[in-house]
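1. Coordinates only, no sequence provided:
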Ligand SMILES: NC(=O)C1=CN([C@@H]2O[C@H](COP(=O)(O)OP(=O)(O)OC[C@H]3O[C@@H](n4cnc5c(N)ncnc54)[C@H](O)[C@@H]3O)[C@@H](O)[C@H]2O)C=CC1
Ligand SMILES: O=C(O)CCC(=O)C(=O)O
């Protein structure tokens with residue numbers, strides 16, 4: 001049975017969904033790392049939020065792990081590179097908490113600007129009526145600078161503009177055109193920091209953004225400015241921020257995230273008069289948690305059942321609007337890769353050309369399709385341990401040269417006539433033999449079809465085992481194959497033959513109802529003028 005470990009608190013909706021699908025789910029929120037390392041080897045999937053650190057040691061101990069699900073956005077607590085090397089797919093739910101995080105950033109901004117936490121404490125805890133003490137500043141008319149204009153930054157920008165703020169942003173990966181559509185001016189970071197009344201951080205924590213706001217950048221902020229961080233702790237140098245706040249070089253800060261979480265009791269941020277702090281609550285709304293939990297459960301189930309997840313961090317991405325059709329193309333690519341390896345063996349794998357044609361000639365998901373081809377190609381070679389995530393890395397490590405061609409033409413006449421969408425071809429290493437190839441198509445019904453082998457036109461759409469022979473086109477061979485299969489009680493479902501010319505080179509595809517034992521294949525190979533015969537799974 002499939003076993004899933006949920007290691008951080010997850011909304012019941014997600015746990016329920018996993019159980020409904022038949023998984024055995026253990027919910028164990030145990031901060032003890034040794035306990036996690038000891039038990040992770042029993043699980044096929046691990047689901048976390050931001051607390052559990054999924055590093056190389058956890059992934060190494062997780063011998064059965066096929067997927068790590070992050071119920072949320074940031075994956076800085078997961079060693080994605082180590083996961084990829086081990087073929088573990090990492091999925092997240094980047095859209096589930098976008099609005100929650102944006103609303104929290106604005107709540108923090110308003111709280112620090114209007115001094116709400118201190119006023120609340122004075123009145124509710126100290127029973128004082130101190131209207132003179134809590135003078136604030138208004139947001140309307142002020143300039144807000146966003147560090148990161150992705151999903152959350154965009155939602156903050158929309159809301160801040162509605163409140164009458166001017167919004168500028170620094171994001172090296174967003175075009176000026178996109179920013180202009182949002183009514184946001186793009187700027188370099190340093191001048192933006194100098195210009196803004198409020199700065200709110202919405203980029204991920206990566207090696208490049210660690211301490212992006214260090215002491216020298218914090219010094220660029222005006223003494224009247226407020227800093228909001230609802231993204232990740234390490235983006236701001238916390239010690240430098242505490243010093244700037246303590247020395248009055250900054251009007252205030254509002255923080256949801258910290259360099260070390262939970263925040264240690266001796267943090268210099270405690271006790272400062274101008275800091276609003278929440279314990280990483282950006283995603284803590286009922287709506288966001290239920291949505292993240294349900295979505296991560298669906299994603300984990302997709303990976304476990306061999307389907308393509310919608311939001312994998314370590315797989316080439318597929319635009320959401322293309323998912324319905326792309327999943328059929330991915331399946332076609334995987335089957336073609338496997339058939340190619342079974343037909344032509346390792347000699348044909350050193351240099352593989354993948355031709356995308358027709359509706360796939362310019363498809364944005366060709367990276368995912370190529371990964372799927374390699375997944376299929378490596379499956380017969382490596383058996384266990386190769387997945388969609390690890391296949392490109394493994395192919396590179398094996399020294400395979402993979403070339404993608406995006407073309408409407410460039411096929412033999414017969415192949416082109418099949419309407420093939422994906423064609424794999426290679427010239428086997430160390431031989432002067434002809435090019436070998438397989439080609440496939442996806443029908444309107446979504447079923448993958450094998451439409452050509454070595455340029456010979458065939459049409460296989462039924463899943464199952466095929467015997468594929470190459471032989472001389474002469475009377476008697478097809479009959480002999482049928483007789484031998486009959487003698488071994490192997491039922492033939494269908495048979496197709498293609499040839500270059502009468503009496504020339506022929507290819508025969510025999511669909512059989514069961515796997516063909518190696519001994520039977522050997523007997524078939526002894527038929528005179530039958531040059532080769534292979535078992536292929538479609
Ligand atoms: N406090 C909380 O509970 C939550 C925090 N987060 C954090 O918010 C972050 C952002 O989330 P999304 O907006 O969904 O991600 P996103 O990927 O949609 O947007 C991030 C943006 O940051 C930009 N960026 C990358 N490097 C940058 C740099 N050096 N300078 C400026 N911009 C840079 C990217 O181009 C991208 O546009 C997440 O990575 C996560 O760490 C997310 C959800 C909840
Ligand atoms: O799971 C949580 O509450 C943390 C959310 C978060 O930080 C994220 O999604 O990146």
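-> Thanks, I have it. Worth saying up front: this structure is predicted, and the values here are computed from it rather than measured. Ligands and ions are numbered 1, 2, ... in the order given.
2. CA atoms for contacts and neighbours, from now on please.
-> Will do.
3. Could you list the contact residues of the protein toward ligand 1?
-> Counting by CA under 6 Å from any ligand atom, the chain comes close to ligand 1 at 73-74, 94, 97-98, 101, 147-153, 170-174, 202-205, 209, 230-232, 256, 280-283.
4. for the host helix or strand of residue 372, which positions count as buried?
-> For residue 372, the host element (DSSP states H and E) is helix 366-382. Neighbour-count burial for helix 366-382 flags 366-380 (criterion: 16 or more other CA atoms under 10 Å).
5. Please work out the average pLDDT along it.
-> The pLDDT scores in helix 366-382 average 90.
6. Take the residues of the chain next to ligand 1 and keep only those in helices.
-> 98, 101, 151-153 (DSSP state H).
7. helices or strands next to the lengthiest helix in the chain in the packing?
-> Using DSSP H to define each element, the chain has its longest helix at helix 323-344. In terms of contacts (3 or more CA pairs under 8 Å, 6 or more residues apart in numbering; DSSP states H and E), helix 323-344 is packed against helix 366-382, strand 422-426, strand 436-442, strand 448-453, strand 530-537.
8. Give me the phi and psi for residue 23.
-> Here is the backbone geometry of residue 23 (degrees, to the nearest 10): phi -80, psi 150.
9. Following element in sequence after whatever helix or strand residue 110 lives in, please.
-> Following DSSP H and E, the helix or strand that holds residue 110 is helix 98-114. Under the assignment DSSP H and E, the closest C-terminal helix or strand after helix 98-114 is helix 116-120.
10. Where does the prediction get shaky in the protein?
-> Along the chain, the model assigns pLDDT under 70 to residues 383-385, 408-416, 430-433.
11. Grab the nearest non-local neighbour of residue 523.
-> residue 484 (7.8 Å; CA to CA, 6 or more residues apart in numbering).
12. so what secondary structure elements neighbour the host helix or strand of that neighbour?
-> Using DSSP H and E, residue 484 sits within helix 477-487. Secondary-structure packing of helix 477-487 (3+ CA pairs under 8 Å, 6+ apart): helix 518-525.
13. Contacts for the helix or strand hosting residue 292 next, please.
-> Assigned by DSSP H and E, residue 292 falls within helix 286-304. The contact list for helix 286-304 (CA atoms under 8 Å, 6 or more residues apart in numbering) reads 10-15, 17-18, 21, 44-45, 47, 66-72, 89, 91-93, 96-97, 99-100, 283, 308-311.
14. filter those residues to the buried ones?
-> 10-11, 13-15, 17-18, 44-45, 47, 66-72, 89, 91-93, 96-97, 99-100, 283, 308-311.
15. Need the nearest residue in space to the spatially most central residue of the chain, chain neighbours excluded.
-> The chain has residue 312 as the residue nearest its centroid, 1.6 Å off, counting by CA atoms, centre = their mean. Closest residue to residue 312 apart from its sequence neighbours, by CA to CA, 6+ apart: residue 91 at 4.2 Å.
16. Over to residue 94?
-> Closest residue in space to residue 94, ignoring its immediate chain neighbours: residue 73 at 4.4 Å, by CA to CA, 6+ apart.
17. count of neighbours near that neighbour?
-> Residue 73 has 20 neighbouring residues, counting by other CA atoms under 10 Å.
18. Give me the phi and psi angles of it.
-> The phi/psi pair for residue 73 (degrees, to the nearest 10) is phi -100, psi -60.
19. How much space separates it from residue 456?
-> According to CA to CA, to the nearest Å, residue 73 and residue 456 sit 48 Å apart.
20. Also residue 437?
-> From residue 437 across to residue 456, the span is 10 Å (CA to CA).
21. likewise residue 187?
-> In this view, residue 187 and residue 456 are 58 Å apart by CA to CA.
22. Looking at the two, which is more packed in?
-> Between residue 187 and residue 456, residue 456 has the larger neighbour count (other CA under 10 Å), namely 22 against 18.
23. what sits opposite the more buried one in the beta ladder?
-> Per DSSP bridges, the residues bridged to residue 456 are residue 453.
24. Could you verify my assumption that it touches residue 496?
-> No: the criterion here is CA atoms under 8 Å, and residue 456 misses it with residue 496 at 10.5 Å.
25. So in terms of bridging, what pairs with the residue of the stretch 401-538 of the chain found nearest ligand 1?
-> As assessed by CA to the nearest ligand atom, ligand 1 sits closest to residue 404 within the stretch 401-538 of the chain, at 27.2 Å. Here residue 404 sits in beta bridges with residue 354, going by DSSP bridges.
26. Can you list the residue ranges for strands in the stretch 201-350 of the chain?
-> Ranges of strands within the stretch 201-350 of the chain are 226-229, 252-255, 275-277, based on DSSP state E, counting those that start in this stretch.
27. neighbouring contacts of the shortest one?
-> Counting contacts by CA under 8 Å, 6+ apart, the residues outside strand 275-277 that touch it are 108, 111-112, 117, 252-256, 269.
28. Which among those count as buried?
-> In those, burial by neighbour count holds for 108, 111-112, 252-256, 269, counting by 16+ other CA under 10 Å.
29. with those residues in mind, which one is nearest to ligand 2?
-> Closest approach to ligand 2 among the buried ones among the contacts of strand 275-277 (CA to the nearest ligand atom): residue 256, at 9.3 Å.
30. my guess is that closest one contacts residue 280, does it?
-> Yes: with contact defined as CA under 8 Å, residue 256 reaches residue 280; the gap is 4.7 Å.
31. can you list contacts of the helix holding residue 110?
-> By CA under 8 Å, 6+ apart, helix 98-114 touches 116-117, 134-139, 151-153, 155-156, 160, 198, 200, 226, 228-230, 252-255, 274-276, 281-285, 288.
32. Of those residues, grab the buried ones for PyMOL.
-> Of the contacts of helix 98-114, the buried ones go into a single PyMOL selection, burial set by 16+ other CA under 10 Å:
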select buried, resi 116+139+151+152+153+155+156+160+198+200+226+228+229+230+252+253+254+255+274+275+276+282+283+288
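33. near ligand 2, which of the contacts of helix 98-114 show up?
-> Applying CA under 6 Å from any ligand atom to the contacts of helix 98-114, those adjacent to ligand 2 are 283-284.
34. mind listing what's buried in the longest helix of the chain?
-> 323, 326-344.
35. Please compute how far stretch 6-19 lies from its chain's middle.
-> 20 Å (CA atoms, centre = their mean, to the nearest Å).
36. Most proximal residue of the stretch 201-350 of the chain with respect to ligand 2?
-> Closest point on the stretch 201-350 of the chain to ligand 2, by CA to the nearest ligand atom, is residue 283, at 4.7 Å.
37. Can you read off the backbone torsions of that residue?
-> For residue 283, the backbone dihedrals (degrees, to the nearest 10) come out as phi -100, psi 10.
38. Report the contact partners of the residue of the stretch 401-538 of the chain closest to ligand 1.
-> By CA under 8 Å, 6+ apart, residue 404 lies in contact with 353-356, 370.
39. Now the element after the one helix or strand residue 36 maps to, going C-ward?
-> Using DSSP H and E, residue 36 sits in helix 33-39. Scanning forward in sequence from helix 33-39 by DSSP H and E, the next helix or strand is strand 45-48.
40. partners of that next one, with directions?
-> Neighbouring strands of strand 45-48 in its sheet, by DSSP bridges, are strand 3-6 (parallel), strand 67-70 (parallel).
41. what about residue 532, how many neighbours?
-> By the criterion of other CA under 10 Å, residue 532 has 16 neighbours.
42. Now residue 507. Its backbone dihedrals?
-> The phi/psi pair for residue 507 (degrees, to the nearest 10) reads phi -120, psi 130.
43. One more: the one 3 residues further on?
-> Note on residue 510: its backbone torsions stand at phi -120, psi 120 [degrees, to the nearest 10].
44. Could you give the bridge partners of it?
-> Assessed by DSSP bridges, residue 510 has beta-bridge partners residue 467, residue 495.
45. Report the contact partners of it.
-> With CA under 8 Å, 6+ apart, residue 510 has these contacts: 466-468, 492-496.
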